[in-house]
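Peer 1: Pasted the sequence and its predicted model underneath.
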Amino acid sequence: MIAVLNMDLEPVRLVLANEVERIQVCEDRRRASGVLYTVVSVTAPAVRRAMASLVAGDAFGQNGEFLGSASQGEALHLVFRYRPESLLTSQESIYGVDFPHRRAMAERLLAACAETQLPPSLALLLLHNRCVNLSETGEVYFNYFFDLADYRPGRDMAAFCRAAAEKVFALLSAAYEPEAEGQLSRYPRELVAFYKKMQAGGFTTVGAILAAVRAMPDNPEPPHRGLRRLWDRVLAFWAFVRRHSMAIFLTALVCLTLVYAVYQITLRMSAQSAAKENTAYGGMQTIGEVSLMDENE
């Protein structure tokens, strides 16, 4: 029995147990309301002190699912609302029938991330598959089953955004996975650009990720292959030529002028050289039949 917040919480299910914590789903024995709670009981001294410091600093104060905390023996109990589990990983194939539906799920996942209002080092732990749920109405929400054995206080917003972007990419790219077979070049260019920006650490806020997702078209097309890909390149080249026709014309005109000028200069130099060879005078050697050359030569 866990006595906390004027409740006598009795565990009905163990979610996780390790050397750092125990996570249990509990019900209040004082009230037959049927309401369930998630209780994270932190026992490892170092992590317990870290969580107590966050509680004292009101780090949980803006989170709407956090109900309160209490120390009991060697444990610090963190109490959260519990919601029925409907894991996103098991529901996404049902509701993510096409890219627009998956994009909508990604947007709602990012909205849930923004609403947690937790320090990034804690919010990052909520991205584990066991914590992320999808309701029948399409809402994405978290159960606070975070594994504090993985807690690292130094993780900042950039680390959280990287993890959130990875989750989003996995969700969106699944729509093209059978054809892409895990090869990045086979995904639509919008997803390729998203992945490269994610890998480069280009997302520093959840809002930036959300903006990138919302900018994607309803039906991004993957790159074509074979003859269709060659034809796409021909069309792309022709489109480039049309867009830059004046610049290409002027460049070609200048090049032709230079080539013609070089040709004319070369031609004149050749003519002058030939004329010099034809007019060379070596002196008179004979007059009639009389030789003027030195007889000793």
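Peer 2: Yes, it's here.
Peer 1: what are the ranges of the helices in this structure?
Peer 2: 45-56, 88-95, 99-116, 120-123, 157-173, 177-180, 189-199, 206-214, 227-243, 245-278 (DSSP state H).
Peer 1: right, and the ones you listed - which one's nearest Asp28?
Peer 2: helix 45-56 (21.0 Å; Cβ to Cβ). To be clear about C-beta, it is placed using only N, CA and C from the backbone, and glycine gets the same treatment.
Peer 1: now do the same end-to-end measure for stretch 75-89.
Peer 2: Stretch 75-89 has an end-to-end distance of 32 Å (Cα to Cα, to the nearest Å).
Peer 1: burial measure for the closest residue to Val168 other than its chain neighbours, as a count.
Peer 2: Setting aside the residues directly before and after it, Val168 is nearest to Ala106 in space (Cβ to Cβ, 6 or more residues apart in numbering), at 4.6 Å. Ala106 has 26 neighbours, counted by other Cβ atoms under 10 Å.
Peer 1: my guess is Ala106 meets Leu171, correct?
Peer 2: Yes. Using Cβ atoms under 8 Å, Ala106 is in contact with Leu171, at 5.1 Å.
Peer 1: about what we covered before: rank the helices of the chain by pLDDT, which is bottom?
Peer 2: For the helices of the chain, the weakest mean pLDDT is recorded on helix 227-243, namely a mean of 62.
Peer 1: Which of the helices of the chain sits closest to Gln62?
Peer 2: That would be, of the helices of the chain and by Cβ to Cβ, helix 99-116, which comes in at 8.8 Å.
Peer 1: what comes up buried for the closest one?
Peer 2: Neighbour counts over helix 99-116 (16 or more other Cβ atoms under 10 Å) mark 99, 102-103, 105-110, 112-113, 115-116 as buried.
Peer 1: pLDDT of the top strand by length along the chain, averaged?
Peer 2: For the chain, the longest strand by residue count, based on DSSP state E, is strand 7-17. Throughout strand 7-17, pLDDT has a mean value of 94.
Peer 1: OK, contacts around the closest residue to Phe60 other than its chain neighbours?
Peer 2: Closest residue in space to Phe60, ignoring its immediate chain neighbours: Phe66 at 4.3 Å, by Cβ to Cβ, 6+ apart. With contact set as Cβ atoms under 8 Å, 6 or more residues apart in numbering, Phe66 has these partners: 60, 78-80, 144.
Peer 1: next one: Phe203
Peer 2: 161-162, 164-165, 197, 209, 212.
Peer 1: ok, Met246 - how many residues close by?
Peer 2: Neighbours around Met246, by other Cβ under 10 Å: 8.
Peer 1: same question but for Tyr82, I mixed them up
Peer 2: With other Cβ under 10 Å as criterion, Tyr82 counts 22.
Peer 1: separation between the closest residue to it other than its chain neighbours and Glu85?
Peer 2: Leaving aside its sequence neighbours, Tyr82 sits nearest to Leu36 (Cβ to Cβ, 6+ apart; 4.1 Å). Going from Leu36 to Glu85 by Cβ to Cβ, to the nearest Å gives 11 Å.
Peer 1: and the two? which has more neighbours close in?
Peer 2: Leu36 (17 against 13).
Peer 1: So what sits opposite the more buried one in the bridge?
Peer 2: Taking DSSP bridges as the rule, Leu36 bridges to Glu27.
Peer 1: Local confidence estimate at it?
Peer 2: In this model, Leu36 is scored at 96, pLDDT.
Peer 1: pretty sure it contacts Pro11?
Peer 2: No. Judged on Cβ under 8 Å, Leu36 makes no contact with Pro11 at a distance of 10.5 Å.
Peer 1: gap between the two ends of stretch 22-42?
Peer 2: Span of stretch 22-42 from end to end, Cα to Cα: 7 Å.
Peer 1: buried stuff in stretch 79-97?
Peer 2: 79-80, 82-83, 88, 91-92, 96.
Peer 1: Kindly reformat those residues as TSV and extend each row with distance to Val192.
Peer 2: TSV is the format used below for the buried residues of stretch 79-97 (distance: Cβ to Cβ, whole Å):
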residue	distance to Val192
Val79	44
Phe80	38
Tyr82	39
Arg83	35
Leu88	24
Gln91	27
Glu92	21
Gly96	20
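Peer 1: of those, closest to Ala149?
Peer 2: Looking across the buried residues of stretch 79-97 and measuring by Cβ to Cβ, the closest to Ala149 is Phe80, at 18.1 Å.
Peer 1: and that closest one, how far is that from Leu54?
Peer 2: 14 Å.
Peer 1: and what of Val262?
Peer 2: Val262 sits 76 Å away from Leu54, going by Cβ to Cβ.
Peer 1: neighbour count winner among those two?
Peer 2: Leu54 (19 against 10).
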